[in-house]
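J.: what follows is a predicted structure for the sequence shown.
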Amino acid sequence: MSKKSGLEKKLVKNAEYWLRLADKVYHYRCDLLNEKQFNSLQKTTHKLEQLTNQQSIETKNIQQAIDNIKKVLSTCAGSFYPRSSWAENVETFFVVAILAIGIRTFFFQPFKIPTNSMYPTFNGMTYEIYHDEDAKLNKTSQIGRWILFGAKYYEVKASVSGELLLPLFSQGEIGDSYGYFKNERIKRRQWEGARSPKRKYTIYLGKVATSLTVPADFSLYKVLHERFAPETDSVVDWLTRRNNNQGIIYESGIPLLKTGVFFEKGDIVLAFDILTGDALFVDRFSYNFIQPDIGDPFVFRTRNINELTRMNGGVPDDKYYIKRLVGRGSDELEIKESVLFRNGLPIEGVSAFTKNANREDEYEGYTNVRRLSKGSIELIPPDHFYAMGDNSDESSDSRYFGYVPEAEVVGKAIFIYYPFSKNWGLTK
């Protein structure tokens, strides 16, 4: 008896499938059916519905009704019949894709932070250095760190014995060179498509060169400074001390920094992880109904920011930036000794403002540069916003490129979904 009941349920489920398909054909193709096809489709559909709704299931009659619908569909269903699993999967894919695009366009857009202009609130690419070979992680640990933190391991080994020498840019070359140590941006080949750009650095052991390639937005000079001159306050301090002590030599016109650190062939010169930047969701919906608040971590497009276009050689610099909203139209801004003032009072609204003012934790305070140099006051025009990074000393923001047009605001950062670091969760 239980076996018969199971067969009945399976037959009814199959009948419901053919009824749904017949209904879809009716709605998609009713204007293409002739009168005979139209009447046959209605008649066979109605018959099968009656049989499946009866209390007493007559399996033979239901199967016959299903066969009748199949015959009708074979003459009038077009591409809907015969129905293959491949076609169903394609349709499902397109439905899911359309839903995903709709959600991304109107509600929640994923966004990846490449730089550390908002550190420590949000992480761009950060690093962890291994100071000796024994501290190097095994393969299993590396895979685990890659899954949890997006960590990728980098290593440079000594091919010969000798002193580590680091090539430097000349004074006139520094510009937009990503630090003082000589490097070159590697252009993407046409077949590489949207792959992330890279930056290549060269180091020397004696006169033998070794290259290291890292993501273009990664600050390798910080790794070199922390690894080989932790006793100095900054890269500039390191270079100044070495230069004063005859620590910079020239080979073929290239200045080389003598580190005073020697390696034997086979030694690990440099080993570190690059951890991926925070990936977060941006709420694109709310700002359609409410004004952005002071203190919001907001995302905006740069395509219509005139100063960035000028800096990019007259070509619109169409990127997405994430910064802290610190001012709206008619606000006046000024920086005094690490404190950001809005309309004559220390700015308030989020903890990042207070921590920067007090230089708490890893917040180092707001710095006077460019449009907000010492003694300068910015008056923000109507329908514009002022954007600044929490890591003020390393943020290219409105102090450099000016105001953000209201029309270019994309939305508010609301949730960090990867990596699974201390920043994971709701934004602040």
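T.: Right, received. Where do you want to start?
J.: helices along the stretch 201-350 of the chain, start to end?
T.: Listed in chain order, the helices found in the stretch 201-350 of the chain under DSSP state H, counting those that start in this stretch are 220-228, 235-244, 306-311.
J.: now tabulate the ones you listed in a markdown table and tack on mean pLDDT and mean neighbour count.
T.: C-beta coordinates here come from the backbone N, C-alpha and C atoms, glycine included. As requested, those are exported to a markdown table (pLDDT from 0 to 100; neighbours: other C-beta atoms under 10 Å):
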| stretch | mean pLDDT | mean neighbour count |
| --- | --- | --- |
| helix 220-228 | 91 | 19 |
| helix 235-244 | 76 | 15 |
| helix 306-311 | 88 | 15 |
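J.: now those in TSV, with distance to Lys374?
T.: As requested, these are exported to TSV (distance: least, C-beta to C-beta, whole Å):
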stretch	distance to Lys374
helix 220-228	27
helix 235-244	20
helix 306-311	21
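J.: please report the distance of the closest residue to Phe285 other than its chain neighbours from Ser286.
T.: Closest residue to Phe285 apart from its sequence neighbours, by C-beta to C-beta, 6 or more residues apart in numbering: Phe107 at 5.1 Å. Noted for Phe107: a distance of 10 Å to Ser286, by C-beta to C-beta, to the nearest Å.
J.: check Ile147 too.
T.: Look at Ile147 and Ser286: by C-beta to C-beta, they are 32 Å apart.
J.: so where is the stretch 151-300 of the chain shaky, pLDDT-wise?
T.: Low-confidence segments of the stretch 151-300 of the chain, defined by pLDDT under 70, are located at 171-179, 188-195, 242-246.
J.: hmm, 80 instead?
T.: Segments of the stretch 151-300 of the chain classed as low confidence (criterion: pLDDT under 80) are 170-179, 187-196, 241-246, 252-253.
J.: who touches stretch 109-117?
T.: Taking contacts as C-beta atoms under 8 Å, 6 or more residues apart in numbering, the residues outside stretch 109-117 that touch it are 104, 122-126, 215, 217, 219, 276-282, 284, 299, 320, 322-323, 389-391, 394-397, 410-411, 413, 417.
J.: ok, stretch 326-335 next?
T.: Residues external to stretch 326-335 that are found in contact with it (C-beta under 8 Å, 6+ apart): 291-292, 294-295, 340-344, 347, 366-368, 372, 374, 376-388, 398.
J.: what subset of these is buried?
T.: 292, 294-295, 340-342, 347, 366-368, 372, 378, 380, 384-388, 398 (16 or more other C-beta atoms under 10 Å).
J.: other SSEs contacting the longest helix anywhere in the chain?
T.: In the chain, assigned by DSSP state H, the helix with the most residues is helix 2-29. When contacts are defined as 3 or more C-beta pairs under 8 Å, 6 or more residues apart in numbering; DSSP states H and E, helix 2-29 packs onto helix 35-53, helix 59-76.
J.: ok, back up a step: report the buried members of the contacts of stretch 109-117.
T.: Buried residues within the contacts of stretch 109-117, defined by neighbour count using 16+ other C-beta under 10 Å: 122-126, 215, 217, 219, 276-278, 280-282, 284, 299, 320, 322-323, 389-391, 394-397, 410-411, 413.
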